[in-house]
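# output the structure for:
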Amino acid sequence: ISKGPGNAKVAKSTVVPPGPPVYLDLVYIPNHSNSKNVDVEFFKRVRSSYYVVSGNDSAAEEPSRAVLDALLEGKAQWESNMQVTLIPTHDSEVMREWYQETHEKQQDLNIMVLASSSTVVMQDESFPACKIEL
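Next comes the predicted model:
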């Protein structure tokens, strides 16, 4: 946030401006996949083979259904139908509902959602994990 005329606060946009696409192997969707920071333009520009979707707070709407839908809309505008793998860090109701409701569209767009079936145990803590090979 920056100070504008008359000391009014003006919010700076965090939305990705239009431009040529950037290709990456792995992208962590920023800010727990919150829709205030990621939109369709993000997915049109930031093209990745793997997207990590974090967030497990339904009260904060994380991960955001709008972000997951933006992935579908943005990927639909790519020139190629390259394989995309979505890697959720948590099993959330939002993710499960989105997966079930949009499964056919995911298949059409060559999007695969990984489910974690492995557990990592470190010291006194255990958590789900998945292996990614780049």
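# would you indicate which residues of the longest helix anywhere in the chain are buried?
In the chain, taking DSSP state H as the definition, the longest helix is helix 93-108. Along helix 93-108, these residues count as buried under the neighbour rule (16 or more other Cβ atoms under 10 Å): 94-95, 98, 102, 106. (Each C-beta comes from the backbone N, C-alpha and C, glycine too.)
# and which of these is nearest M122?
Proximity to M122 was ranked across the buried residues of helix 93-108 by Cβ to Cβ; first place goes to M95, at 24.2 Å.
# mind showing which ranges of this structure have poor pLDDT?
Low-confidence segments of the chain, defined by pLDDT under 70, are located at 1-18, 31-36, 56-62, 116-118, 128-134.
# in it, which spans are strands?
Read by DSSP state E, the chain holds these strands, from start to end of the chain: 2-3, 9-10, 22-28, 46-53, 84-88, 111-113, 118-122, 125-129.
# can you redo these as TSV with mean neighbour count?
Supplementary listing: these in TSV, determined by neighbours: other Cβ atoms under 10 Å:
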stretch	mean neighbour count
strand 2-3	8
strand 9-10	9
strand 22-28	12
strand 46-53	20
strand 84-88	20
strand 111-113	17
strand 118-122	9
strand 125-129	11
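# of the buried residues of helix 93-108, which pair is most distant in space?
Between all members of those, the longest pairwise span (Cβ to Cβ) is found for V94 and Q106 and amounts to 15.0 Å.
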